[in-house]
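S.K.: generate coordinates for the sequence data below:
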Amino acid sequence: MNASNNGGSFGFVVLLGTIAVSILSGILAWNWIEPESFFGAIIFLIAWSLFSYIGYLVLGGIVALFGGLK
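M.R.: Have a look, this model is predicted:
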């Protein structure tokens, strides 16, 4: 099978990875912060964005690693 035929499936895996990073980082931030007030919710949102950013960096590294393979 030609490597160029795998572009669509690779894109679908990247899309699923992006969704998984968003959901899992939200769950991780919620369990870590457990907001019970307005300021707790603000801290939760900040933690969620930081965890998502780190997750997207890791996902981007994985995509760059496997995307360059032929």
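S.K.: neighbours of Gly26, how many?
M.R.: Neighbours of Gly26 under the rule other C-beta atoms under 10 Å: 17. Any C-beta I mention is one placed from the backbone N, CA and C, and that applies to glycine too.
S.K.: in the one helix or strand Ile42 maps to, what's buried?
M.R.: Using DSSP states H and E, Ile42 falls within helix 38-67. Neighbour counts using 16 or more other C-beta atoms under 10 Å place Phe44, Ala47, Trp48, Phe51, Ser52, Gly55, Tyr56, Val63 of helix 38-67 among the buried residues.
S.K.: ok, and the closest non-adjacent residue to the residue nearest the centre of the chain?
M.R.: In the chain, the residue lying closest to the centroid (C-alpha atoms, centre = their mean) is Val21, at 2.4 Å. Distances taken as C-beta to C-beta, 6 or more residues apart in numbering place Gly55 nearest to Val21, at 3.8 Å, with adjacent residues excluded.
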